[in-house]
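Asker: next one to model:
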Amino acid sequence: MVDDDDQGTVAFSVVDLETDSLIGTASLWGIDNHRRSAHIGLALLPSARGRGYGTDVVAVLCHYGFVVRGLQRLQIETLVDNAAMLRAAERNGFVHEGQLRSSAWALGEFVDEALLGLLAHEWNAADVRLEPG
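Answerer: Below you'll find the model as predicted:
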């Protein structure tokens, strides 16, 4: 389900189709229609992690952003030690563009974030590897 009343953010529910249960949320946020860009956000329940959902959800968000919304650029910022999100982004063609030093507050300290980007002409849905792990 998509709620597009707020033009700057589009939120999605992540549902396991086999069990019909809610396993997380995802969003395109910071949507800038002039620059045709947005950020990707994703949060999965711990029980849903490590099963390939992240890669699938990022693929769906890329399709929505590039095909449905006509965006030019998608961006992900994630903690540098978030291996699952980094893997999901890389499997969808995102490129490491840099590291934001001490830019996030997590568990009582400032930590670095990785910055990844993907341009519409670089994205190819057929190249996405959806296998778990």
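
Asker: for the protein, which residue is closest to the average position?
Answerer: Among the residues of the chain, the one closest to the centroid is Ile40, at 3.8 Å (CA atoms, centre = their mean).

Asker: tell me the confidence at it?
Answerer: The predicted structure scores Ile40 at 97 on the pLDDT scale.

Asker: what are the contacting residues of the top helix by length along the chain?
Answerer: For the chain, the longest helix by residue count, based on DSSP state H, is helix 53-63. The set of residues that contact helix 53-63 without belonging to it, under CB atoms under 8 Å, 6 or more residues apart in numbering, is 12, 14, 16, 23-24, 26, 28, 40, 42, 44, 74, 76, 84-85, 87-89, 91-94, 118, 123, 125, 128-130. Any C-beta I mention is one placed from the backbone N, CA and C, and that applies to glycine too.

Asker: buried subset of the residues you listed?
Answerer: The neighbour count (16 or more other CB atoms under 10 Å) marks 12, 14, 23-24, 26, 28, 40, 42, 44, 74, 76, 85, 88-89, 91-94, 118, 123, 128 as buried among the contacts of helix 53-63.

Asker: in helices only, show me these.
Answerer: Met85, Ala88, Ala89, Arg91.

Asker: can you tell me which of those is nearest Gly70?
Answerer: Distance ranking of those against Gly70, using CB to CB, places Ala89 first at 21.1 Å.

Asker: wait, the closest one sits on Leu116?
Answerer: Yes: under the contact definition of CB atoms under 8 Å, Ala89 touches Leu116, with a separation of 4.8 Å.

Asker: find residues that contact each of those two.
Answerer: Residues touching both Ala89 and Leu116 (CB under 8 Å, 6+ apart) are Ile76, Thr78.

Asker: in space, what's closest to Glu113 - neighbours in sequence excluded?
Answerer: The spatial neighbour of Glu113 that comes closest, neighbours along the chain excluded (CB to CB, 6 or more residues apart in numbering), is Leu100 at 4.4 Å.

Asker: I'd say Asp32 and Thr9 touch.
Answerer: No: contact criterion CB under 8 Å: Asp32 and Thr9 do not qualify, at 11.5 Å.

Asker: which residues touch the residue of the chain positioned farthest from its centre?
Answerer: Residue farthest from the centre of the chain, counting by CA atoms, centre = their mean, is Gly108 at 24.5 Å. For Gly108, the contact set (CB under 8 Å, 6+ apart) is empty.

Asker: thank you kindly, that will do.
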